[in-house]
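> Here you go, sequence then predicted model.
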Amino acid sequence: MTKKPSVLFVCLGNICRSPTAEAVFRHKAKQAGLDLEIDSVGTHGYHIGSPPDKRSRAAGEVRGYSFDGLKCRRLDDEDFAKFDYILAMDSSNYDNLLKLCEDQDAKQKIHYFLDFVEGDEKEVPDPYYGGKQGFELVLDLIEKASDGLLKHLQSQTRKT
Ligand code: 4NP
């Protein structure tokens, strides 16, 4: 049996942006009929075991995404071997991932999530210390990037 394509979303705390990306992308992948392994982690361990931030959850649920069962996990070394796509929400996450990844070949798997959106913007801004608008912007960016990533994965599966 061939391994499912796998995607890991990464932010700092794994309670706002990356669980939102996980929830949105799970929803869109299911709608598209793609069978994928999808997970999210934080580069830091401030909130290990906690559910997603209530503000992320509230904003996402209004748009129809489920956050049920998601719990904060910290990135570990095995993630670099396990996942095909390791997607950073911002440049700080991206730089941290490159520093933490000891396997030179696995570094190729690390990208910005917004690489899957046309344009130069690479940052999904951290909404944690801001207001409601920040959580809406996170969702807007993540929805666009999820659509781009799905298209990319669909084109890859057609090639294999
Ligand atoms: P996230 O947001 O990286 O999108 O999950 C944050 C969550 C928590 C903290 C910072 C950012 N914090 O400092 O606790």
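Structure received.
> which parts of the biggest helix by length in the chain are buried?
Counting by DSSP state H, the longest helix found in the chain is helix 132-159. By neighbour count on 16 or more other Cβ atoms under 10 Å, the buried set for helix 132-159 is 134-135, 138-139, 141-150, 153. The C-beta positions use only the backbone N, C-alpha and C, and glycine is treated the same way.
> out of those, who's nearest Asp84?
Closest approach to Asp84 among the buried residues of helix 132-159 (Cβ to Cβ): Leu153, at 9.3 Å.
> Might you calculate how far the longest helix of the chain sits from the centre of the chain?
Here helix 132-159 is found 9 Å from its chain centre; the criterion is Cα atoms, centre = their mean, to the nearest Å.
> Same question for stretch 9-19.
Using Cα atoms, centre = their mean, the offset of stretch 9-19 from its chain centre is 7 Å.
> Against Pro19, how distant is the residue in the chain positioned nearest to the ligand?
Closest contact between the chain and the ligand, by Cβ to the nearest ligand atom, is at Gly13 (2.7 Å). From Gly13 across to Pro19, the span is 9 Å (Cβ to Cβ, to the nearest Å).
> Those two: which is more packed in?
Pro19 (30 against 22; other Cβ atoms under 10 Å).
> Right, I'll call it a day here.
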